[in-house]
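A.B. asks: Structure for the following, please:
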Amino acid sequence: MFNLLPSLDRVVLSHNNNLSGLLPLSLGNSNVTCLRLNNQGVDDGFSGSITIIASMRLLSQAWLNGNHLSDSIPASFASTKLSDLQLRSNYLTGLVPRSLFNLISLKEISLDYNLLEGPVPMFDKHIKATWESNNFCRSDVGPSDPQVTIFFVIFESFGISGNPLLLGGNDVCTNVTTLIKCQRGKVVSLDLALGIQYQLVLNGTISPAFSNLTSLVNLNLSGNNLTSPIPEILTTLPHLKLLDVSNNNLSGPIPKFPSKVKVITRGNVLLGQYATSPNGNQSKTTRLCIILIAGASLFSMYPTLIQRGMFKETVNPNKLKVEDFNERCNLSPIKQYSYADVQKMTNSFKEKLGEGGFAVVYKASLPDGRPVAVKIINDGKADGQDFMNELDSISRTAHVNIVSLLGFCCEHKIALIYEFMTKGSLDKFIMNTGLPDGICSLDRNTMCKIAIGIAKGLDYLHQGCASRIVHLDIKPHNILLDDDFCPKIADFGLAKICQKNVSAMSGVGGTRGYMAPEIFDKHKVSEKSDIYSYGMLIIDMIGRRYNNNAGGSDNSEYFPDWIYNDLQQGNNLVNSFEISEEENDIIRKITMVCLWCIQFKASDRPSSGKVVQMLQGSLESIPFPRKPSLYSQEVPSFPSPSSSSFIDSKSASLLKTGSIKSDRFVSCRYENGALSIE
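C.D. replies: Predicted structure coming up:
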């Protein structure tokens, strides 16, 4: 659009216009010089990358502050006239590119309240620049400690963007785990054999940047999935005594290390014998070239540090207490607040939003005025397992259907600071708790929107983010809603993180009534465990909306049984509600998807991506589901494709009336107007 208006040079759409979505691509080829899209509203705003503004060749003023923009700042800008760049109060990540320092017309820039990392930017004195409340390595202007920068490069070679060891601040030796050992401020031992302790493996290659850790004595990379040769430059490490690369997939020749170095290479089928060293001149030239390349990559690296946090499957509370984590949490890539900050933003804990068994949630405001929710972990959970799980899991995510973590506190009290969701949790609308008219406010289209949004959030957790995350506590209470009923998945206290190639993990967790049968049966969890919980949640939502009075002659049926039977028989509603054919189809489609999600066998359940596809597709495209065998002694079977595989689009509603009082059930009977747990 903007590129079709050659005379348009000013676009001013700021302050509470409630615009959202990505920045328009047409801005890139426009003649716009003044772009003001700032402060769209508390729950609205533009999201995604700001790359498009880098191609605006005539741009002189860009006000994008107060949105939900993420990703990194572009490495270069096409306009030589850019003088005013306002980017504060967003979610920008990564390093501040050096190209910003060289913008010849720049007079004012704001980077405050983002998630930027690395060294504090060094702008000329004539430029009015602000950058407070980020995650820079140090509070004053100056370069990062070289060891911090080296680790960023090393983990890039593993295909990991971000800050996997919670490296922060300007001293790598004061805020890391037992994986790293230091002496006199220098790294001397690095243990990245993560399989035994964390059930995780590293992929990618061994970075030549290890050679820049010149005090390194022991380097353990065993038990991973690393490929390519061992970099020859590692032979130049002057103090190295042990290099363990066993049980990887390395290939090529083995460099000749000094005799004092013990090199363990077993378990690498394609790795050769010790290679003959090249002649001295060639070796020096090669090594000098590698050193220069590695040095240049350290100087100009520009990683996209979106996903952050310790990469572990789950936290062992006996090994990683909150008091231990406190030694390094103030240097986490996520914004850390002091307890005094938390007291101030909550107005001394004045307005309570909710309370559970393990935490209390208060309404608060950040210094820039943004409303937030502050979750205070009860003292009884001070071992920190749920806190560390939640901090670790949520810090890896950035999605419209995942609640955003804005900060945390581990001083005196443990607190997590989230974006504020104006509508609260879904259970208020489907359980009629807290909202007198809650049930009536969810129409069919809104229910479909919520169902699709939750499914998209799960698909992101399972497949879309850098680490595969299984939530393990999907239930109405953990689904938050904004003003537009956009759902966001919250509460990652039970979540598990694992590598992509693991199909299932051991563990038990969740809320009774939403836990998948394999958790009880085999103590195994996977993404399909979340799918089961999702199906039960949506059944709750549909059931609470339409079950308003006790009815029906047979009130001892299993709950999903009567839903299935009415779906199969095309029963009509027996109440006064009149719904259109389109609305009826929406409910039938959602219900069919849910019944697929709660199949007894995990392998029979669809993936989260398939759930989204089915919900967004036509009713006729969804195969008729099997009858969930967990709730019936009947042996399920597929209907014949030539018979009633699909319900006729003109059939009546699938739900019959009834008053359902319980929201927690594994095997439940529907008796006397209530569900009872068996």
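A.B. asks: for the helix or strand where residue 582 lies, packing partners?
C.D. replies: Per DSSP states H and E: residue 582 is located in helix 581-597. Packed against helix 581-597 by the contact rule (3 or more C-beta pairs under 8 Å, 6 or more residues apart in numbering; DSSP states H and E) you find helix 444-459, helix 527-546, helix 559-569, helix 608-616. Yep, even glycine has a C-beta here, placed from its N, CA and C like the rest.
A.B. asks: weakest of those helices in terms of mean pLDDT?
C.D. replies: Ranked by mean pLDDT, the helices and strands packed on helix 581-597 bottom out at helix 559-569, which scores a mean of 70.
A.B. asks: pretty sure residue 343 contacts residue 337?
C.D. replies: No: counting by C-beta atoms under 8 Å, residue 343 does not reach residue 337; the two are 9.8 Å apart.
A.B. asks: And the two? Which one has more around it.
C.D. replies: residue 337 (23 against 17; other C-beta atoms under 10 Å).
A.B. asks: Could you verify my assumption that that one touches residue 414?
C.D. replies: No: using C-beta under 8 Å, residue 337 is not in contact with residue 414; the gap is 11.7 Å.
A.B. asks: Common neighbours of the two, please.
C.D. replies: Here residue 337 and residue 414 have residue 408 as joint contacts, going by C-beta atoms under 8 Å, 6 or more residues apart in numbering.
A.B. asks: Any stretches of the stretch 501-650 of the chain with poor pLDDT?
C.D. replies: In the predicted model, the stretch 501-650 of the chain carries pLDDT under 70 at residues 501-510, 521-522, 543-562, 570-579, 629-650.
A.B. asks: What ranges does the chain have for its helices?
C.D. replies: For the chain, the helices defined by DSSP state H cover 146-157, 195-198, 280-300, 322-329, 339-345, 385-394, 427-430, 444-459, 517-522, 527-546, 559-569, 581-597, 608-616.
A.B. asks: Grab the nearest non-local neighbour of residue 6.
C.D. replies: Leaving aside its chain neighbours, residue 6 sits nearest to residue 31 (5.7 Å; criterion: C-beta to C-beta, 6 or more residues apart in numbering).
A.B. asks: no, scratch that, I was asking about residue 231
C.D. replies: Nearest non-adjacent residue to residue 231, counting by C-beta to C-beta, 6+ apart: residue 208, 4.5 Å away.
A.B. asks: Next one: the one you found from residue 190, what distance?
C.D. replies: Distance, residue 208 to residue 190, by C-beta to C-beta, to the nearest Å: 15 Å.
A.B. asks: Ok, residue 238 next?
C.D. replies: Where residue 190 is concerned, residue 238 sits at a distance of 16 Å (C-beta to C-beta).
A.B. asks: How about residue 269?
C.D. replies: Distance from residue 269 to residue 190, counting by C-beta to C-beta: 25 Å.
A.B. asks: count of residues packed around residue 3?
C.D. replies: 15.
A.B. asks: now do the one 5 residues further on
C.D. replies: Burial of residue 8 is recorded as 14 neighbouring residues (other C-beta under 10 Å).
A.B. asks: cool, residue 237 as well?
C.D. replies: 21.
A.B. asks: Could you do residue 76 as well?
C.D. replies: 12.
A.B. asks: Could you tell me the end-to-end distance of stretch 55-72?
C.D. replies: 15 Å (C-alpha to C-alpha, to the nearest Å).
A.B. asks: Could you check that stretch and say which residues are buried?
C.D. replies: Neighbour-count burial for stretch 55-72, counted by 16 or more other C-beta atoms under 10 Å, picks out 55-56, 59-72.
A.B. asks: Likewise for stretch 512-522?
C.D. replies: Those would be 513, 514, 515, 516, 517, 518, 519, for stretch 512-522 by 16+ other C-beta under 10 Å.
A.B. asks: wait, which of those is closest to residue 135?
C.D. replies: Residue 135 lies nearest to residue 514 out of the buried residues of stretch 512-522, by C-beta to C-beta, at 35.2 Å.
A.B. asks: doesn't residue 539 make contact with that closest one?
C.D. replies: No: contact criterion C-beta under 8 Å: residue 514 and residue 539 do not qualify, at 10.2 Å.
A.B. asks: Pick the most deeply packed of the helices and strands packed on helix 581-597.
C.D. replies: Across those, averaging neighbours per residue (mean count of other C-beta atoms under 10 Å) puts helix 527-546 on top, at a mean of 24.
A.B. asks: Show me what that helix packs onto, helices and strands only.
C.D. replies: helix 427-430, helix 444-459, strand 468-470, helix 517-522, helix 559-569, helix 581-597, helix 608-616.
A.B. asks: repeat that for 6 Å
C.D. replies: Here helix 527-546 touches helix 427-430, helix 444-459, helix 581-597, going by 3 or more C-beta pairs under 6 Å, 6 or more residues apart in numbering; DSSP states H and E.
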